[in-house]
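> One predicted model, sequence on top.
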Amino acid sequence: MWLSNSSVGRKVVMSVTGIALVLFLTFHMAMNLVALFSEEGYNLVCEFLGANWYALVATLGLAALFVIHIIYAFWLTIQNRNARGSERYAVVEKPKTVEWASQNMLVLGIIVIAGLGLHLVNFWAKMQWPELLHNMGCTTVDTTYAADGVYHIQNTFSNPIFVVLYLIWLGALWFHLTHGFWSSMQSLGWNNKIWINRWKCISNIYSTIVVICFALVVVAFFIKSLPCGAC
C-alpha cells in the first residue's frame, strides 16, 4: 500500500495524524483556559466529557491517531538511519539552515510521550477511567471526584515537582510543534518558497500561543496553592 510502502506515503500519514493531534491540542488548550476564569464552568465541561459514548469514541480515536503517529515516526527515523548507513557516524558540520528541532525530533517526541503518560496518570486515570469502570458495573471504584477537574488540577499543580515536569514537557512540545506543524504542510504539498515561509511563521506563532496557554494554567494553580496565593 502506498501509505506504508513509500517514504512519501509514510510522511503523509505522519502529517495527517499530526495535524489531527494539533486540532485536539487546540481544543484541549481552550478547555483548560476555562479553568482560569470559571472553575464551575470547567467542571461542567469535564462532566460533559466524562464516560459518555461520544467522549469514549473520541478518546479511542485520539489514542489510535497517537499510536499511528508514534509508529510512523520511529519507522521513518529507522528508514533515514538505514539510508545514511555508515555516513551517520562521520563528523560533519551541520548546515546552518537545519533547525535544532529537526535534528532532535525523535528525542523531543519521546519527552512528549513521557509527558503524556504523566498527564494520563494525573488526570485521565482519575477521571474518565473510574467513571468507565463504574458504568461497567464496578461498584467499588470511587467516583466522588471523577468529574471534578479543578480538584485534580489543584492537587497536581500544588506539587512543585509536577509543575517543573509539566513545564519541561511543554518546552519539548513547543519545539516539536514548531518544526512538526510546518513540516506536515510541506509533506502535504505546500512546499513552495512563499508558503513554506508562511507556514513556518504560523507554526511558531501557533506553538507559542498553545504552550503559553497551557503553562498559564500550570503556573496559575501553583501560585494559588502557595500560602500567599489567595492574598
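It's in.
> Show me what stretch 114-121 is in contact with.
Phe66, Phe162, Leu165, Tyr166, Ile168, Trp169, Leu170, Ala172, Leu173 (Cβ atoms under 8 Å, 6 or more residues apart in numbering). In short, each C-beta sits where N, CA and C put it, glycine included.
> before we move on, which element is the fifth one in?
Counting by DSSP states H and E, the element that carries Ile168 is helix 160-187.
> for the record, mean pLDDT for the helix or strand following that helix?
Per DSSP H and E, the first helix or strand lying C-terminal to helix 160-187 is helix 193-225. Helix 193-225 comes out with an average pLDDT of 91.
> Likewise for stretch 133-148?
So the average pLDDT for stretch 133-148 ends up being 87.
> Just the buried residues out of the contacts of stretch 114-121, in ChimeraX syntax.
Command for ChimeraX that selects the buried part of the contacts of stretch 114-121, burial taken from 16 or more other Cβ atoms under 10 Å:
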select :66,162,165,166,169,170,172,173
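> The contacts of stretch 114-121: which two are farthest apart?
Phe66 and Phe162 (21.6 Å; Cβ to Cβ).
> So which elements touch the helix holding Ile168?
Applying 3 or more Cβ pairs under 8 Å, 6 or more residues apart in numbering; DSSP states H and E, one finds that helix 160-187 contacts helix 7-37, helix 100-103, helix 105-122, helix 149-157, helix 193-225.
> So which of those helices is the most surrounded?
helix 149-157 (a mean of 19; mean count of other Cβ atoms under 10 Å).
> Can you name the residues that contact Thr26?
With the criterion set at Cβ under 8 Å, 6+ apart, Thr26 makes contact with Val210.
> Quick check: which ranges of the chain have low pLDDT?
Applying pLDDT under 70 to the chain picks out residues 1-7, 80-81, 83-102, 190, 192, 228-231.
> From the chain's centroid, how far away is stretch 103-113?
Centroid separation for stretch 103-113 versus its chain: 12 Å, with Cα atoms, centre = their mean, to the nearest Å.
> right, and Tyr145 touches Lys126 too?
Yes: with contact defined as Cβ atoms under 8 Å, Tyr145 counts as touching Lys126 (7.2 Å).
> Which neighbours do the two have in common?
Residues within reach of Tyr145 and of Lys126 at once, by Cβ under 8 Å, 6+ apart, are His152.
> more crowded one of the two?
Neighbour tally, Tyr145 and Lys126, criterion other Cβ atoms under 10 Å: the higher count belongs to Lys126, 19 against 14.
> Next, the buried residues of stretch 50-57.
Those would be Gly50, Ala51, Leu56, for stretch 50-57 by 16+ other Cβ under 10 Å.
> how about that stretch as CSV, C-alpha atoms only?
These are the backbone C-alpha positions of stretch 50-57, laid out as CSV (Å, rounded to 0.1, in the frame of the first residue of the first chain):
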residue,chain,number,x,y,z
GLY,A,50,-16.9,12.1,31.1
ALA,A,51,-17.5,8.4,30.2
ASN,A,52,-20.2,9.2,27.7
TRP,A,53,-20.2,7.3,24.4
TYR,A,54,-19.1,10.3,22.3
ALA,A,55,-16.2,11.1,24.7
LEU,A,56,-15.1,7.4,24.7
VAL,A,57,-15.2,7.3,20.9
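> ok, back up a step: if we go by neighbour counts, what in the helix holding Ile168 is buried?
For helix 160-187, by 16+ other Cβ under 10 Å, it's 162-163, 165-167, 169-170, 172-187.
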